[in-house]
Structure formats: C-alpha cells, structure tokens
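**Student:** Kindly generate the corresponding structure for this input.
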Amino acid sequence: MLDRIGARAWFAGRDLSPRAHLVLGLLLPAYVLAANMWRVRKFTVDDAYISFRYAANLAAGEGLVYNLGEPIEGYTNFLWTVLIAAGLPLGIDPHLSSKLLGASAALGTLWVAYRMSARAQPLGGVPCVATWLLAVSSTTSSWAVFGLETPLFTFLVTLGTWRMFAETEREYALPLSGLIFAIAGLTRPEAPLFFGLPMLFLGRRIFARQNLLRIALFALPIGAHLLWRHAYYGQWTPATFSAKTGDLAAQWKSGRTYVIGWFEHSGPVVFLAFAGVGLSVARRSRELLTITCVMIAVFAYVILVGGDWMSYFRFLAPAEPFVYVLVCVAVRQMAQGRAPAVLVALTLTAAWTGVQRYFGLREAQNKFIKEEKRFWDHTAGRVATWLVTHGTPGRVALGDIGFVGWRTNYPILDLLGLVDPVIARLPGGYTKKTGPGYAERFFDVMPEWAVLIHTGQECKKASLKAVRLIVEDDRFRRAYTLQENFRINADGSWCVFKRTGA
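**Tutor:** As a prediction, the model looks like this:
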C-alpha cells in the first residue's frame, strides 16, 4: 500500500504522487465525512418541517403555501422546497430526500474544495488539508443531514466560484458559473453576494462577451423568480426577511457573538487562514483575493443579520470551504521547503487540531442526538401527537411551528411571524415583535388552540414577554382553558390551551 500511494518516496523527500493525494486528500476525508453524517442522521431540525409542509401542499396541488388559501413566503429555500415536493408523488419521504440531497451536496463540496485547493497551491508533499477540516467540522457534517438547504447552497456557491476561476482562463468557455450561481440564488437569497465578489476581480474583462453572458445566465432565472414571487405572494422579499430583522443593534451584538463563537469552536487552526490571506496579497492572486473577500463578506453578513438561533453555526457553513482552502494554501506553502522546524510545527499543529476537533465533534454530535433530538421529541413531538389524537382540528397558535405544523397539518398562527403577514411586519427584532399590534393579532384570529411556553411546571407563570402579553390579557382568561401540560423539566412547560369561550 505504501508503494502504491508513494509514501516511501515521500519519506525520502519527494512530493506525494497524484494517487496519494487522491487517497489521502479526498477519499479518506470523504469516508470520514460520511461517517460523521451517519452518526447524526436521525435528527431533523424543527425549521425543516416548515419546508416539508410547503412541499406537501405543493405536491397535493394546493400551491406553495403553508396554510391553505393564505399565500405567504415563509421559507428562504425555494429550490430546496420544490426538490422535496418533487419526491413526494414518488413516495419519497421528505426526511429521506432532504438527508440524501444534503449528504450528496456535502460530499460534492468536499470534491470542489479539493480541486480549488489544488488550483490555489500546486500539489506537493502535503495532502489536502481543506477536505479534512470540512470532514471533521460539526457545522459541515451535522447540518448536511438536518433537513435544511444549507449543504446544497454551500456546494453550489463553492462550485460556482471554482468554475468561474476556470472559465476566466478560457475566453470562449461557456460561462456555466452564471447558471450555477443562479441555481444557488433559487436555493438561498444570499447567492448574489457570492456571485458579485468574484466579478469585482475580473477588471476590464467584466465587460467581455463571456462575462456578459455569465451575468445573463445568472440574472434571467433570478429575475423570473423575483417576478413570480411578487405575482404569487404580493411582495418582493420573503416574509422571513421582515420577521427576522428589525433591530440592527441587537442583530449586531448577537452576530458578533455568533462569529466569535465559531472561531472559538473551530480552534486555532482556522487562524492559519490569515496566512493564506497574506499570500493572496503578496502574490496578487485574483483567485486567492476572491476567496479572501468571500470569507470576509460572509462573516460581515452573518454579523449584520444577527446569526442564527440554531446550534453549531449553520449560517457559517458556506464560509467554511473558503476558510479551509486558505488554511490549506498556507500549510502547503509553509511545508514546501521541507524545513525541519516548520515540519515539526505543522505536525504538532495537526496533532493538536485532530484531538481538538475529535472531542469538539463528539460533543456536538452528542448534543444533537442526546439533547436536542430528545428535547424536540419531548416537546413538539408530544404536543403534535396529543393535538392529533385528543383535539379537534382548528387553528393553532405557537412559536415553534415546524414539527407541530407538519404533524397536525392544522392551520397555524405563527407567533414569531415567519408565516404570518401581520406579525412579520411588526416593529422589533426576531422573537421580539411584541409591540402594539402583537396581542391584537392573536385576539383578532382567536385560534382554537394556543401552545404557549411557561416557566415552571404549573402553566401559571410566563417569563417570555410575548406569552405574557397574551395570557395576562382578560380576553385570554375569559376565552381559553388549559387542556394539557407538557413538562420539559423543572424550569418550563409547553402548555396547551383550548378556546372554550367567546
């Protein structure tokens, strides 16, 4: 085996063979990534069920809606939702289709990172580092199989960037990168950021025929979808945009904490990316500068929007391939001269990174499977089952609408505003749109059911302002009666109320 991959020659001071690079830098990391995805495959994040319900209604001929007859775009992953819907008439469960699509996309990202690293720094004596860092990333490996569009979007923007690099070398190459970025834009709305930055480094070639065609291939599908969105939903942006923004100061604070948390979780190895940034400047490499700018832009964007409530940095998954390619470039450059001191330092860094990543990854996997899955099964899972088996169909008001909405298929009043046109436009940031109009929206609708989180185990005290505004109102006391108490722990309960009065 050592002879086949050229390891003996490497120990003698030669570069690794192409076969060795393929095995050590792509195939083994792909196996590790697949194993890590398999360990957390049983968990599906609650937000994924929002897309599942849109997909189910589309497949049933009811349109791309959450509540029947109520067109509102409460998702930000159009293409992902349509792909899931396409599998439903074939009998493919959305859990299966979303996880297979996500895992395939994550493995595709690994391949693109391998090719991009080789392009940025010629193959030498060090196998691809970027693929290994992706394979043992809790962000990349976990969010690949949790049911959301994150891995597909990451694959598409990484592939589009790599493809654009290759196209600019060939003046008459068909600029498929524009179409790839357009598909990414139909998957998530941040795609123009990833498409625009590489264009800035084209210089005078930005007006070349190839590039104008690239722009057209990107703009036509995106423009067509934009016009369809306005015609179908009556607005230019998804409702989630207004529902999740509205308090820039709070977004800035939570976004900074989010990005800093990713750096702390990822470990010291990611700071080698700054050496890659230095090389991009020293070499005046358009491609490395593009990768650098994409990395910085994603961090800035995530800070601006305030990050995400979910564990382990889903919003930064699209940045990871770019960060790790810069790390790979830096490591290969440092190892190029085979200086003993540098090799020892890199070996010790690799050993430390391996240990740190192993324990960090196992901690994340245990959190998802032993904590978060258990929590959601114990709360949303039990509430949804109770409503289906004990209740009568009717509109349900709650905040975490994912699994409950999917399992019951009852009409939903979303107290966070993702699929509610009124609450989405109220002032305040995400989960804090509790100003004038919030309680009024609840009592205008008067849902048959209300699932509200309370402090303690008796459903008597609400700590969240949004819940207090509802349950402390005299109209609620007169019209609603507690039906069931699902205790989470000593600190809180999911309380189910039924409307029994006017």
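**Student:** Now name the helix or strand holding Trp162.
**Tutor:** According to DSSP states H and E, Trp162 maps onto helix 150-169.
**Student:** If you could redo that for Val496, that was the one I meant.
**Tutor:** With DSSP H and E as criterion, Val496 is part of strand 492-499.
**Student:** For the helix holding Trp162, buried residues please.
**Tutor:** Residues 150-165, 167-168 are the ones in helix 150-169 that count as buried (16 or more other C-beta atoms under 10 Å). Placement of C-beta: from N, CA and C, glycine included.
**Student:** Does whatever helix or strand comes next after that helix pack against any helices or strands, and if so which?
**Tutor:** Next in sequence after helix 150-169, counting helices and strands by DSSP H and E, comes helix 176-187. With contacts taken as 3 or more C-beta pairs under 8 Å, 6 or more residues apart in numbering; DSSP states H and E, helix 176-187 sits against helix 78-87, helix 150-169, helix 191-200, helix 209-233.
**Student:** looking at those, which is closest to Asp308?
**Tutor:** helix 150-169 (10.1 Å; C-beta to C-beta).
**Student:** elements contacting the closest one?
**Tutor:** Partner elements for helix 150-169 (3+ C-beta pairs under 8 Å, 6+ apart): helix 94-120, helix 138-143, helix 176-187, helix 191-200, helix 209-233, helix 286-305, helix 320-335.
**Student:** Just send these back as a markdown table, with distance to Val32 and mean pLDDT too.
**Tutor:** Formatted as a markdown table, the helices and strands packed on helix 150-169 follow (distance: least, C-beta to C-beta, whole Å; pLDDT from 0 to 100):
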| stretch | distance to Val32 | mean pLDDT |
| --- | --- | --- |
| helix 94-120 | 10 | 96 |
| helix 138-143 | 9 | 95 |
| helix 176-187 | 26 | 96 |
| helix 191-200 | 26 | 90 |
| helix 209-233 | 34 | 94 |
| helix 286-305 | 23 | 93 |
| helix 320-335 | 14 | 92 |
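**Student:** can I get those helices in JSON lines with distance to Ala350 and mean neighbour count?
**Tutor:** Shown next, in JSON lines, are these (distance: least, C-beta to C-beta, whole Å; neighbours: other C-beta atoms under 10 Å):
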{"stretch": "helix 94-120", "distance to Ala350": "16", "mean neighbour count": "22"}
{"stretch": "helix 138-143", "distance to Ala350": "19", "mean neighbour count": "27"}
{"stretch": "helix 176-187", "distance to Ala350": "32", "mean neighbour count": "24"}
{"stretch": "helix 191-200", "distance to Ala350": "30", "mean neighbour count": "19"}
{"stretch": "helix 209-233", "distance to Ala350": "39", "mean neighbour count": "16"}
{"stretch": "helix 286-305", "distance to Ala350": "22", "mean neighbour count": "20"}
{"stretch": "helix 320-335", "distance to Ala350": "9", "mean neighbour count": "26"}
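**Student:** Of the ones you listed, which is nearest Phe476?
**Tutor:** Closest among the helices and strands packed on helix 150-169, once you apply C-beta to C-beta, is helix 209-233, at 31.0 Å.
**Student:** need the contact list for the closest residue to Met295 other than its chain neighbours.
**Tutor:** Leaving aside its chain neighbours, Met295 sits nearest to Phe322 (4.5 Å; criterion: C-beta to C-beta, 6 or more residues apart in numbering). Neighbouring residues of Phe322 by C-beta atoms under 8 Å, 6 or more residues apart in numbering: 158, 161, 291, 294-295, 298.
**Student:** okay if I get those residues as a markdown table plus distance to Ala439?
**Tutor:** Listed next are the contacts of Phe322 as a markdown table, based on distance: C-beta to C-beta, whole Å:
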| residue | distance to Ala439 |
| --- | --- |
| Thr158 | 45 |
| Thr161 | 47 |
| Ile291 | 49 |
| Val294 | 43 |
| Met295 | 43 |
| Val298 | 38 |
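**Student:** Among these, which one lies nearest to Pro94?
**Tutor:** Closest to Pro94, out of all of these and judged by C-beta to C-beta, is Thr158, at 24.9 Å.
**Student:** right, and Ser311 touches Asn366 too?
**Tutor:** No. Assessed by C-beta atoms under 8 Å, Ser311 is found out of contact with Asn366, at 11.5 Å.
**Student:** of the two, who's got more company?
**Tutor:** Ranked by neighbour count (other C-beta atoms under 10 Å), Ser311 and Asn366 place Ser311 first, with 16 against 13.
**Student:** so how far is Thr154 from the more buried one?
**Tutor:** 17 Å (C-beta to C-beta, to the nearest Å).
**Student:** what's the answer for Leu197, then?
**Tutor:** Taken as C-beta to C-beta, the span from Leu197 to Thr154 is 16 Å.
**Student:** Identify the residues contacting Arg332.
**Tutor:** Neighbours of Arg332 in contact, by C-beta under 8 Å, 6+ apart: 117, 121-122, 124, 126, 129.
**Student:** If we use 10 Å, what do you get?
**Tutor:** 117-118, 120-129, 276, 279, 346 (C-beta atoms under 10 Å, 6 or more residues apart in numbering).
**Student:** Buried among those? Need that as a selection in ChimeraX.
**Tutor:** In ChimeraX, this line selects whichever of the contacts of Arg332 come out buried by 16+ other C-beta under 10 Å:
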select :117,118,120,121,123,124,125,126,127,128,129,276,279,346
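**Student:** out of the contacts of Arg332, which one sits closest to Cys495?
**Tutor:** Looking across the contacts of Arg332 and measuring by C-beta to C-beta, the closest to Cys495 is Val129, at 50.3 Å.
**Student:** Please name the residues that touch the closest one.
**Tutor:** Residues counted as contacts of Val129 (C-beta under 10 Å, 6+ apart) are 25, 29, 113, 117, 269, 272, 324-325, 327-332, 335, 346, 350, 353.
**Student:** quick revisit: in TSV, list the helices and strands packed on helix 150-169 along with distance to His390.
**Tutor:** Putting these into TSV (distance: least, C-beta to C-beta, whole Å) gives the following:
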stretch	distance to His390
helix 94-120	25
helix 138-143	34
helix 176-187	39
helix 191-200	44
helix 209-233	35
helix 286-305	39
helix 320-335	44
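**Student:** low-scoring stretches of the stretch 301-450 of the chain, by residue?
**Tutor:** Applying pLDDT under 70 to the stretch 301-450 of the chain flags no residue at all.
**Student:** repeat that with 80
**Tutor:** Within the stretch 301-450 of the chain, the segments meeting pLDDT under 80 span 336-340, 342-343, 391, 429, 431.
**Student:** can you map out the helices along it?
**Tutor:** Counting by DSSP state H, counting those that start in this stretch, the segments of the stretch 301-450 of the chain that form helices are 320-335, 340-366, 373-376, 382-390, 402-408, 438-445.
**Student:** who wins for proximity to Glu73 among these?
**Tutor:** That would be helix 402-408 among those, by C-beta to C-beta, at 15.5 Å.
**Student:** So for that closest one, what gets flagged as buried?
**Tutor:** Under 16+ other C-beta under 10 Å, the buried positions of helix 402-408 are 402-408.
**Student:** Please apply the same query to stretch 57-71.
**Tutor:** 57-59, 64-67.
**Student:** Also stretch 441-457?
**Tutor:** Within stretch 441-457, the residues scored as buried using 16+ other C-beta under 10 Å are 441-442, 446-454.
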